[in-house]
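Visitor: structure, please.
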Amino acid sequence: MTKAFLPQMKAKNHGHIVTIASALGLFSTACVEDYCASKFGAVGFHESLTHELLAEDLDGIKTTLVCPYIVDTGMFAGCEIRRELRSLIPPLEPLYTVQQSMKAILAEQQMICIPRLMYIPFLARALLPWDANVATYRFMGGDKCMLPFIKNVETKTTNGHIKSS
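Guide: Down below sits the predicted model:
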């Protein structure tokens with residue numbers, strides 16, 4: 001999509017590119033390596049493209065990176081963080097996620113983590129030693145949060161085919 005529109009945006013020095021990634025594009029969790037890899041890829045693509053636009057002095061083309069936590073769409077049904085923390089970081093309502101994303105886009109905000117609490121593990125990953133991050137990750141229940149989700153998926157599939165209910 002970007003390849004299709006970017007040449008005209010550059011010619012006019014006008015436009016806005018929005019990349020929808022995930023909090024799991026900023027830090028990872030176990031059992032969803034393919035998902036995390038794709039989201040890290042989206043974040044890397046976005047950052048590289050933003051640097052390219054800045055290097056070419058194309059300040060009329062804005063970019064926004066959107067990194068939401070789990071959105072309650074059913075995609076990750078069963079994913080659970082530590083019980084004591086669930087009320088602090090519940091799955092996001094889709095409408096709320098869209099509203100926050102749109103506010104960021106209209107304000108030409110370069111990046112938004114939804115909820116804002118997701119900036120903490122992002123910063124911790126960059127600033128703390130690996131072992132400190134692993135300890136925090138385990139405390140939060142991040143090391144096992146996807147296991148119920150994986151179990152749900154496995155019970156719904158047999159030999160790569162979805163079981164009918």
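Visitor: low pLDDT regions in the chain?
Guide: Along the chain, the model assigns pLDDT under 70 to residues 158-165.
Visitor: which strand in it runs the most residues?
Guide: strand 61-68 (DSSP state E).
Visitor: what's next to that one, contact-wise?
Guide: Residues outside strand 61-68 that contact it (C-beta atoms under 8 Å, 6 or more residues apart in numbering): 9-10, 13-23, 25-26, 43, 46-47, 49-50, 53, 92, 97, 100-101, 104-105, 108-114, 118, 122. Where you see a C-beta, it was placed from the backbone N, CA and C, and this is true even at glycine.
Visitor: for this structure, which segments count as helices?
Guide: Ranges of helices in the chain, per DSSP state H, are 2-12, 33-55, 94-106, 119-127, 130-140, 147-156.
Visitor: of those helices, which is nearest Ser87?
Guide: Nearest of those to Ser87, taken as C-beta to C-beta: helix 130-140 at 13.5 Å.
Visitor: C-alpha coordinates for that closest one, CSV please?
Guide: Only the C-alpha atoms of helix 130-140 are listed here, as CSV (Å, rounded to 0.1, in the frame of the first residue of the first chain):
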residue,chain,number,x,y,z
TRP,A,130,17.9,-8.6,30.1
ASP,A,131,17.6,-10.5,33.5
ALA,A,132,15.6,-7.6,35.0
ASN,A,133,13.3,-7.6,32.1
VAL,A,134,12.8,-11.4,32.4
ALA,A,135,12.0,-11.0,36.1
THR,A,136,9.4,-8.3,35.4
TYR,A,137,8.0,-10.3,32.6
ARG,A,138,7.5,-13.3,34.8
PHE,A,139,6.1,-11.2,37.7
MET,A,140,3.5,-9.8,35.3
